[in-house]
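Colleague: predicted coordinates and the sequence they were generated for:
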Amino acid sequence: MFADQALSELWAHGGVRCVVVAQGHRVEVELRNANGTAFLRKSAPNRQAAVNEAEYLRLLLRARDRVHPPPGLKPFALVIEDDRDSCDALAEALRISGMRAFGCRSGSEGIALARELTPDLIVLDYRLPDVNGAEVCRLLRGDPATAGIPIVAVTASPEFLREEACGPDAVLTKPCEIDTLMAAARLFVRHMPAPDVSSW
């Protein structure tokens, strides 16, 4: 039984290990760097769902150097937002628009995830608990591996991002209509499939 296994490794790719951790009745998929620090956690209701999430992450890592995802693989969006409800809502809107989306709630996690997985789009808040959104944007723009990733800021503090001239491709102000976010995503990620309206 999986409940008897507190930790199991599913795969390793370069310096990244993917492990599944039992958390009571739920399961978490973790991506860990070379020193064992988790930089991404994704909850799943059961082991099979966790294995599916892990496989998708493995495919993303293998595809990181490709300009477009392989046929059938939806583009990947990273949401960096510290408020759990806002993070979930933004990620769900991106899924409806035809993308796969993962959320993280700190700037440092977002930077690590962007460097490891090279998403097709980053949605970023300004107010984060560790590194503010402007600094996240600046660090990603300064890294050749992430400099070309479209960054859409969705924030209640748009003036700070504009004043710091940190280089987001678009700045949307909270509260942001879902249709507006979808339009921005489609503007920057041109190989998106049709919206998945069945998932509402």
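Modeller: Alright, I've got the coordinates.

Colleague: quick one, what contacts the spatially most central residue of the chain?
Modeller: Centroid-nearest residue in the chain, with CA atoms, centre = their mean: L78, separated by 2.2 Å. With contact set as CB atoms under 8 Å, 6 or more residues apart in numbering, L78 has these partners: 101-104, 110, 113-114, 117, 119, 121-123. All C-beta atoms are positioned from the backbone trio N, CA, C, and that covers glycine.

Colleague: state the phi and psi torsions of it.
Modeller: Torsion angles at L78 (phi, psi; degrees, to the nearest 10) stand at phi -110, psi 130.

Colleague: out of everything not next to it in sequence, what's closest to it?
Modeller: P119 (4.2 Å; CB to CB, 6 or more residues apart in numbering).

Colleague: distance of the one you found relative to E9?
Modeller: 24 Å (CB to CB, to the nearest Å).

Colleague: looking at the two, which is more packed in?
Modeller: Legend: neighbour count by other CB atoms under 10 Å for P119 and E9, higher for P119 (25 against 12).

Colleague: how about the contacts made by that one?
Modeller: Contacts of P119 (CB under 8 Å, 6+ apart): 76-78, 113, 149.

Colleague: helices of this protein, start to end?
Modeller: Along the chain, the stretches classed as helices by DSSP state H are 47-62, 84-96, 107-117, 133-141, 158-164, 178-188.

Colleague: for A22, which of the ones you listed is the nearest?
Modeller: With respect to A22, and counting by CB to CB, the nearest of these is helix 47-62 at 8.5 Å.

Colleague: dump the C-alpha coordinates for the closest one into CSV.
Modeller: Once non-C-alpha atoms are left out, helix 47-62 reads as follows in CSV (Å, rounded to 0.1, in the frame of the first residue of the first chain):
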residue,chain,number,x,y,z
ARG,A,47,-1.3,8.0,-6.0
GLN,A,48,-2.5,7.6,-9.5
ALA,A,49,-3.1,11.4,-9.9
ALA,A,50,0.3,12.0,-8.4
VAL,A,51,1.9,9.7,-10.9
ASN,A,52,0.2,11.5,-13.7
GLU,A,53,1.4,14.9,-12.5
ALA,A,54,4.9,13.5,-12.1
GLU,A,55,4.8,12.2,-15.7
TYR,A,56,3.7,15.6,-17.0
LEU,A,57,6.6,17.3,-15.2
ARG,A,58,9.0,14.7,-16.6
LEU,A,59,7.7,15.5,-20.1
LEU,A,60,8.1,19.2,-19.5
LEU,A,61,11.7,18.7,-18.4
ARG,A,62,12.5,16.7,-21.5
